[in-house]
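>>> When you get a sec, could you give me coordinates for this:
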Amino acid sequence: MHTRRSSAVSTDPSPGGPGSRNRRRSRRQAGTFGTLLAVAALLASACTSGGSTRSGSPAAEAALAALPQSTPAALSPYYGQKLAWRDCGVPGFQCATMRAPLDYEKPEAGDTRLAVARKKATGPGARLGSLLVNPGGPGGSAIGYLQQYAGIGYPAEVRARYDMVAVDPRGVARSEPVECLDGKQMDAYTQTDFTPDDEKETGELVEAYKGFAEGCGADAPGLLRHLSTAEAARDMDILRAALGDDKLAYVGASYGTFLGATYAGLFPDRVGRLVLDGAMDPSLPARRMNLDQTAGFETAFQAFARDCVRRRDCPLGTKANEVGRNLKAFFEKLDAQPVPAGDPDGRELGEALATTGVIAAMYDEGAWAQLRDGLSSAMQENDGSGLLVLSDSYYERDGDGRYSNLMFANAAVNCVDLPAAFSTPEEVRRALPAFEKASPVFGEGLAWATLNCAYWPVAATGEPQRIEAKGAAPIVVVGTTRDPATPYRWARALSRQLSSSRLLTYDGDGHTAYGRGSTCIDDSINAYLVRGTPPTRDKRCA
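Got it, this is the predicted structure:
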C-alpha cells in the first residue's frame, strides 16, 4: 500500500500504485502536494474494526523490541561522524552526506550514503535542537519536502526554535536511489490494465509486475535487501547523534508515522517530541492493511460525492448514491476505449490513468474542484488532459516524461517490510468480493494492485508487530476522521499500542491534519513542539 504526503496526490491504483503507503504534501501546495503514498501491496489497508492486535497474524501479537541503550563498538565510527555542511543551491539551506552501514548485522560489509539537508533555526528564542521531518511514502523525498514546504512553511515559532532537518531514507531520491524503469517503460507500466477481464489481461498484469520487479533487482540487488523501515529508523538515530542531539524531535506524516513509531520502538529512551500525523497501524499484515485502505478511499470518495452533487458542475449526477455507479461506468467505458489527452508522448486516458487521477484527488479536498473539471472534460468533451495531469502529479512524472524514483522506492520498501498480501492471481480473485464490498468503485483495482510484491526479487524481512515504546516520552498521534490513505482507526490503534501516546483527532477530510487549516490542530502541535506540552488525552478538533 502506500501512504504518503509528498508531492502530488497519493495512492495509486495502477500496477505499482494502490496499496502502498501514503502521501500528501501540505498546505495544498499547487493544489496537490499529496505526500507520499500508499503503494503497492503492502502496508496499506485493512485492519480490524478495533484496529489493533487482532490482525490475523501471530507475529502481530509480538511487540517490537528495543535495542540495547549502549552503542555497539562496530557502529561507533558511524555515531561519531561529523557532518560537513555545504551550500545546497537553495537559499537558506545547507546539505551534507551521512554514512550508515548497509547491513547493521554486518557493518564491516560496507556503507550506504544518505543525503541530509537543514535550515538553521531563525530565532528569536533559545534553539531547541533539530526537528527531523518526513513526508511519507515510502519513497517521498524528505529533503524535497523540507526545501519546498517544511523549511519555509512550518509555523514561524517552530522554525525559530529548531534547525529544520531532513534525510532522504536509503534508496530514496538523493540517497542512492533505487531505479527500476526508464520513462518510456514507466509510461507503459502506469497504463497497464489493473482490472483484468480475462486470463490474457491477467497475464499481462503479472508480466508488468514481474518486469517492474526485475528492473529494480537489476539496478540494486544488494541495496534492495536493506531498505526496510527498521533500518531507516536506525539511520535516523545515527543522524540524531551526528547532529549533537540527545533526543530525537520529529514530525512524520503518513508512512512517516510508521518510520517514527519504529524509531520509538527501537530507541524509546531517545524519544524527544514526536508527532505522528496520519498514523499507520504497524500490527497489521499486508492484506488487512490494503483492505482497510480500500475502505478509507471509499469513505473519502463518499465525502467527495456528497460535495459534488451540491455543485452545478458535478459531472457524476445529482444524487450522492449514483455518483459511484456513474464513475464506475465511466471507468468501464475508458477500459474499452481510451480518450485523447493531448499528450505529446501519445498517451491516452484509459481506465488505469483515470483511476489514478481520481484517487490522487482524494488525498486533499482542495483538489476536488480540479477533479470535477477533469471529469467533466473527459466525460463531456472527450478530453482526458485534466485527469492525466492529476495522474502525473501522483506518479511524479514531469513534462519531459521523466519520473522521480518515488514509485520504485515505494515498492522496494513495502515489499521488504511485510510479506506479500497475495502470492497468485487466484488468491486475488478469491479476495475480490471483500475488496469490492469495501469500495464498489476502487476495490477491484486496489485488490489487484496488492499482487505486485508477489514477484519481488528479494524476500521480505519484516513482520507485523505492535509498537509499545515503553518508557518513551509523550508521543502525539494524529488521526483524521475521513482520511483516505491512513484510515482513522489506524490512528486509534497506534495510540493504543504506544505506551505514552496522546491521540489528537481532526474531524475532517483529506490526508493528515497538521498545516491543513485547523487552528486547533496546529496550536496543539505547536505547543507540544515548542513548549513540550502535549495535548490533553483524546483531544478532538474540527
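>>> Spell out, range by range, the strands that occur in the stretch 151-300 of the chain.
Taking DSSP state E, counting those that start in this stretch, the strands of the stretch 151-300 of the chain run over residues 162-167, 248-253, 271-277.
>>> typo on my end, it should be the stretch 301-450 of the chain
Going by DSSP E, counting those that start in this stretch, the stretch 301-450 of the chain shows strands at 339-340, 348-349.
>>> In its sheet, which strands sit next to the first one, and in what direction?
Counting by DSSP bridges, the strands paired with strand 339-340 are strand 348-349 (antiparallel).
>>> Could you list the residues in contact with the partner strand?
Leu334, Pro338, Val339, Pro340, Ala341, Ala378, Gly384, Ser385, Leu387, Leu388 (Cβ atoms under 8 Å, 6 or more residues apart in numbering). All C-beta atoms are positioned from the backbone trio N, CA, C, and that covers glycine.
>>> switch to 6 Å and redo it
Pro338, Val339, Pro340, Ala341, Gly384, Leu387, Leu388 (Cβ atoms under 6 Å, 6 or more residues apart in numbering).
>>> Make a markdown table from the residues you listed and add pLDDT, neighbour count and distance to Gly252 to it.
What follows is the contacts of strand 348-349, written out as a markdown table (pLDDT from 0 to 100; neighbours: other Cβ atoms under 10 Å; distance: Cβ to Cβ, whole Å):
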| residue | pLDDT | neighbour count | distance to Gly252 |
| --- | --- | --- | --- |
| Pro338 | 98 | 18 | 38 |
| Val339 | 98 | 20 | 39 |
| Pro340 | 98 | 15 | 41 |
| Ala341 | 98 | 24 | 35 |
| Gly384 | 98 | 28 | 35 |
| Leu387 | 98 | 29 | 30 |
| Leu388 | 98 | 25 | 31 |
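>>> just for the stretch 401-542 of the chain, where's the confidence low?
Scanning the stretch 401-542 of the chain for pLDDT under 70 picks out nothing.
>>> Only the buried residues of stretch 446-459, if you could.
By 16 or more other Cβ atoms under 10 Å, the buried positions in stretch 446-459 come out as 446-458.
>>> quick one: whichever strand or helix holds Ala491 to strand 271-277, angle?
According to DSSP states H and E, Ala491 maps onto helix 488-497. Helix 488-497 runs at 160 degrees relative to strand 271-277, counting by axes from the mean of the first three to the mean of the last three Cα atoms, to 10 degrees.
>>> what helices or strands is the very next helix or strand once past helix 488-497 leaning on?
Using DSSP H and E, the helix or strand that follows helix 488-497 in sequence is strand 501-509. For strand 501-509, the helices and strands in contact under the criterion 3 or more Cβ pairs under 6 Å, 6 or more residues apart in numbering; DSSP states H and E are strand 475-482, strand 539-541.
>>> Quick one: closest of the ones you listed to Thr97.
With respect to Thr97, and counting by Cβ to Cβ, the nearest of the helices and strands packed on strand 501-509 is strand 475-482 at 29.7 Å.
>>> related to what we said a few turns ago, dump the buried residues of stretch 446-459 to TSV, plus distance to Ala73.
Listed next are the buried residues of stretch 446-459 as TSV, based on distance: Cβ to Cβ, whole Å:
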residue	distance to Ala73
Leu446	47
Ala447	48
Trp448	48
Ala449	44
Thr450	42
Leu451	44
Asn452	40
Cys453	36
Ala454	40
Tyr455	40
Trp456	34
Pro457	33
Val458	29
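>>> Mind checking which of the residues you listed are in helices?
Leu446, Ala447, Trp448, Ala449 (DSSP state H).
>>> how about low-confidence regions in this protein?
Within the chain, the segments meeting pLDDT under 70 span 1-61.
>>> Pull the contacting residues for the residue located most distally from the centre of it.
Most distant residue from the mean C-alpha position of the chain: Ala73, 34.3 Å away (Cα atoms, centre = their mean). Contacts for Ala73 (Cβ under 6 Å, 6+ apart) come out as none.
>>> Am I right that Ala513 falls within a helix?
No. Counting by DSSP: H, G, I helix; E, B strand; the rest coil, Ala513 is not part of a helix but coil.
>>> Correct me if wrong: it contacts Val476.
No. Ala513 lies out of contact with Val476 (Cβ atoms under 6 Å); the separation is 10.8 Å.
>>> which one of the ones in helices among the buried residues of stretch 446-459 is nearest Gln148?
Ala449 (27.7 Å).
>>> how far away is that closest one from Glu348?
21 Å (Cβ to Cβ, to the nearest Å).
>>> so which of the strands of the stretch 301-450 of the chain comes closest to Ala166?
Here strand 348-349 is closest among the strands of the stretch 301-450 of the chain (Cβ to Cβ), at 34.7 Å.
>>> Just give me how far that closest one sits from the chain centre.
26 Å (Cα atoms, centre = their mean, to the nearest Å).
>>> Likewise for stretch 120-138?
The answer for stretch 120-138 is 20 Å, by Cα atoms, centre = their mean.
>>> Check stretch 74-88 too.
28 Å.
>>> And it, end to end?
Stretch 74-88 has an end-to-end distance of 31 Å (Cα to Cα, to the nearest Å).
>>> Kindly report the same for stretch 209-227.
Stretch 209-227 end-to-end distance (Cα to Cα) = 19 Å.
>>> Would you state the strands of the stretch 1-150 of the chain in chain order?
Here the stretch 1-150 of the chain has its strands, by DSSP E, counting those that start in this stretch, at 3-4, 22-23, 86-87, 94-101, 111-119, 129-134.
>>> Would you format these as JSON lines with distance to Ala279 included?
JSON lines is the format used below for the strands of the stretch 1-150 of the chain (distance: least, Cβ to Cβ, whole Å):
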{"stretch": "strand 3-4", "distance to Ala279": "10"}
{"stretch": "strand 22-23", "distance to Ala279": "10"}
{"stretch": "strand 86-87", "distance to Ala279": "35"}
{"stretch": "strand 94-101", "distance to Ala279": "26"}
{"stretch": "strand 111-119", "distance to Ala279": "25"}
{"stretch": "strand 129-134", "distance to Ala279": "13"}
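>>> Could you dump these into a markdown table and include mean neighbour count?
Output for these, formatted as a markdown table (neighbours: other Cβ atoms under 10 Å):
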| stretch | mean neighbour count |
| --- | --- |
| strand 3-4 | 43 |
| strand 22-23 | 43 |
| strand 86-87 | 10 |
| strand 94-101 | 20 |
| strand 111-119 | 21 |
| strand 129-134 | 26 |
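>>> just the strands of the stretch 151-300 of the chain: most buried one?
Of all the strands of the stretch 151-300 of the chain, strand 248-253 carries the top mean neighbour count, a mean of 28, counting by mean count of other Cβ atoms under 10 Å.
>>> From the chain's centroid, how far away is that one?
Per Cα atoms, centre = their mean, the centroid offset for strand 248-253 relative to its chain is 15 Å.
>>> okay, that strand in PDB with CA atoms only?
Provided in PDB are the C-alpha atoms of strand 248-253 (Å, rounded to 0.1, in the frame of the first residue of the first chain):
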ATOM      1  CA  LEU A 248      15.000  12.900  18.600                       C
ATOM      2  CA  ALA A 249      12.400  15.600  17.700                       C
ATOM      3  CA  TYR A 250      10.400  14.500  14.700                       C
ATOM      4  CA  VAL A 251       7.300  15.200  12.600                       C
ATOM      5  CA  GLY A 252       6.300  12.300  10.400                       C
ATOM      6  CA  ALA A 253       3.300  12.200   8.100                       C
END
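>>> helices or strands up against it?
On a contact count with 3+ Cβ pairs under 6 Å, 6+ apart, strand 248-253 meets strand 129-134, helix 255-266, strand 271-277.
>>> how about the ones you listed, which one is nearest Arg397?
Using Cβ to Cβ, the nearest of these to Arg397 is helix 255-266, at 20.4 Å.
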